[in-house]
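Colleague: how would this look folded up:
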Amino acid sequence: MAPPILSLEDVSLHHGDGWLFEGLDLHIGPRDRLALIGRNGAGKTTLFRMLQGELELDKGRRTVMPGINIVTLEQDPDMKGFATLGQWAAHGEKAPPLHAIEAIADQMGIDLETCTATASGGERRRAALARALASDADLLLLDEPTNHLDLAAIDWLEEWLGRYKGAFITISHDRTFLKRLTRSCLWIDRKTLRRAEIGFGGFDKWTEDVLAEEERAAEKLDAKLKQELHWLHRGVTARRKRNQGRLRKLEELRQQRAAMIGAVGKASLGLAKDDVKTKTVIDAEGVGKSYGDRTIIRDFTLRVQRGDRIGIVGANGAGKTTLLRLLTGELEPDEGTIIRAKTLSGIVIDQQRKLLDPKKKVRDVLAEGGEWIEVRGAKKHIKGYLKEFLFDPGLSDALIGTLSGGERHRLLLAREFARESNLLVLDEPTNDLDMETLDLLQEVIADYEGTVLLVSHDRDFLDRTVTVTLGLDGSGTVDIVAGGYEDWASRRKDRSATAKKARPQTKKEEAPSTAPRKLSYKDQRDLDRLPAEIARLEEEIASAETELADPDLFTSDPDRFAALTKALEDKRAEKEAAEERWLEVAEMAEALG
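Modeller: Residues are numbered from 1 along each chain as shown. Modelled structure (predicted):
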């Protein structure tokens, strides 16, 4: 087992009136893929700063292997003082070479000449990723890396991290991203950091097991602690069970909606049925919208029913916001008609959230300074309502400025969901939310009696929430699919495969083959020499691993330790490349017979 590249040992950190962490231990290996999970305000970003060495520890020590390059992707980097994204990305003593930044920026589709003052959240995030990924890091600390990225960019990032040779720790609300990439989980819970050598797919069961074990151990403790642990355990497991029930109900709704949707891209919704008509809240028929010569929406027809949860997906610039604004009446179509129910009353929670006044108190935002809040026609005490949104009731008098970004977002959701409405419009609602708040948001949307229009790049959240997905590919066509993101992705895959099969195939005899009849000199040489080369590399790797296994080497000869570690990584990469090349030429030789 390779030695850690970075360690925190018996670390404690004081924060405000108490301890944020006590007795924390963490050892990071050279190829670790870690998910860092915890409520907003639990200390995830603070832990990143401790790992980076930016904070002075009150107790314990931080140890870093010599020569290790640690790079942090911040959620909102400060770009003041830089005219363009490229200037910001290339600044600093340890800035990566500009050509490396440009290569990644090109793959991600970001223009580094974009002005920082006018850059969108997605453009700023891509520039920050280009800087981080080009930095030749041994350890990447990724704080919400998928925020503001569209689906294509997220896919690209997942592929890049899948090939990455170093270690990374990621804070993310994107369950699909975490399931695909992580191998271990770090859980910050009640000032304690726990670690499990499981991917994120096993996180829920692991945490339930931990809480259940604590509850059993609390049988011998005082009643107050026992009650607290019981509430925590039952609260977590009960929410997950309720959400399982909601998922079953969601599947039933999708099946009902599938029966109403006809051919791909069209919705034949039984126009003559009175019961359908009375439930219709938005009726779009033959809708088209263009900007100049570019068609954004073409021949779009859909009846949105009362209680529908509509998810809108697609790449940035494909027309998601345009479609949303057409459906809500902010934009008028160039072609076709959109009729909305006269009783439609909506609330909009978008990604351009106004900053809450940091000098105001929580009760000022929710209850205009009072004790009671009107929640969709019913009065609730502010402390009870705060608890519903996972806040400590004692926070009612806290200043907004003391809340984390995620807590402010949760407070905004609490305020908006209290309003009377029958149409809820959410534009990227999952950004900056922790897992428990995402579960809560899923509950609120599932229980909402009105209609929901939701724009999101969070694939798992869409799969858990929406009954119908509207998929845009940038051509103007809108796919209408009963189900969530995976249903839409599957539809696209099937359609692509069908189109491929439908292409005319050229018979072999019609075009003479240009394939070589024997291996080239270089291919034959590689086929002959690589087995011995691979065996030699295996011996050198084994030798280096044996020497590095000496527990005293790191302290007695740190330079030798660092050199051996670097050489070992290089040898492993060289062996992997040699094996891939040998397989390539071996397959070529087999094909030639």
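Colleague: quick one: low-confidence parts of this protein?
Modeller: Low-confidence segments of the chain, defined by pLDDT under 70, span residues 1, 16, 218-244, 260-278, 350-355, 496-518, 551, 583, 587, 590-593.
Colleague: Spatially, what comes nearest to Lys566 if we skip its sequence neighbours?
Modeller: Gly67 (7.0 Å; CB to CB, 6 or more residues apart in numbering). All C-beta atoms are positioned from the backbone trio N, CA, C, and that covers glycine.
Colleague: Verify the assumption that that neighbour is located in a strand.
Modeller: No. Assignment of Gly67 by DSSP: H, G, I helix; E, B strand; the rest coil gives coil, placing it outside any strand.
Colleague: ranges for the strands of the stretch 151-300 of the chain?
Modeller: With DSSP state E, counting those that start in this stretch as the definition, the stretch 151-300 of the chain shows strands at residue ranges 167-171, 184-189, 192-196, 280-291, 294-305.
Colleague: Which positions in the fourth one come out as buried?
Modeller: Right, strand 280-291. Taking 16 or more other CB atoms under 10 Å as the neighbour-count basis, strand 280-291 is seen to contain the buried residues Thr280, Val281, Ile282, Asp283, Ala284, Glu285, Val287, Gly288, Lys289.
Colleague: For my notes, please list those residues in CSV and give distance to Thr118 for each entry.
Modeller: Formatted as CSV, the entries for these read as follows, by distance: CB to CB, whole Å:
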residue, distance to Thr118
Thr280, 40
Val281, 36
Ile282, 33
Asp283, 37
Ala284, 32
Glu285, 37
Val287, 30
Gly288, 29
Lys289, 24
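Colleague: ok, the residue nearest to Lys566 touching Asp559?
Modeller: No. Checked against CB atoms under 8 Å, the pair Gly67 and Asp559 is beyond contact range at 9.1 Å.
Colleague: Between these two, which has more neighbouring residues?
Modeller: Counting neighbours by other CB atoms under 10 Å for Gly67 and for Asp559 shows that Gly67 has the greater number, 14 against 9.
Colleague: ok, now how distant is that one from Gly319?
Modeller: Applying CB to CB, to the nearest Å, the value for Gly67 to Gly319 is 48 Å.
Colleague: Contacts only, for the spatially closest residue to Leu395 that is not a sequence neighbour.
Modeller: The shortest distance from Leu395 to any residue that is not its chain neighbour, by CB to CB, 6+ apart, is 5.5 Å, and that residue is Val362. Taking CB atoms under 8 Å, 6 or more residues apart in numbering as the definition of contact, the neighbours of Val362 are Leu386, Phe391, Leu395, Ser396, Asp397, Ala398, Ile400, Leu403, Leu411.
Colleague: Now the last one: which helix or strand?
Modeller: Following DSSP states H and E, one finds Leu411 within helix 405-417.
Colleague: Tell me what angle whichever helix or strand comes after that helix forms with helix 405-417.
Modeller: Using DSSP H and E, the helix or strand that follows helix 405-417 in sequence is strand 423-427. If you take axes from the mean of the first three to the mean of the last three CA atoms, to 10 degrees, strand 423-427 sits at 160 degrees to helix 405-417.
Colleague: Look up the closest residue to the residue nearest the centre of the chain, ignoring the ones flanking it.
Modeller: Centroid-nearest residue in the chain: Asp174, 2.9 Å away (criterion: CA atoms, centre = their mean). If the residues on either side of it in the chain are set aside, Asp174 comes closest to Thr146, at 4.7 Å by CB to CB, 6+ apart.
Colleague: tell me the contacts of the one you found?
Modeller: Ile154, Leu157, Ser172, Asp174, Phe177, His457.
Colleague: what about the fifth one, distance to Gly405?
Modeller: In this structure, Phe177 and Gly405 are separated by 19 Å, where distance is defined by CB to CB.
Colleague: Who has more neighbours out of the two?
Modeller: Phe177 (24 against 16).
Colleague: if you skip the residues just before and after it, what's nearest to the more buried one?
Modeller: The shortest distance from Phe177 to any residue other than its chain neighbours is 5.5 Å, reached at Thr146 (CB to CB, 6+ apart).
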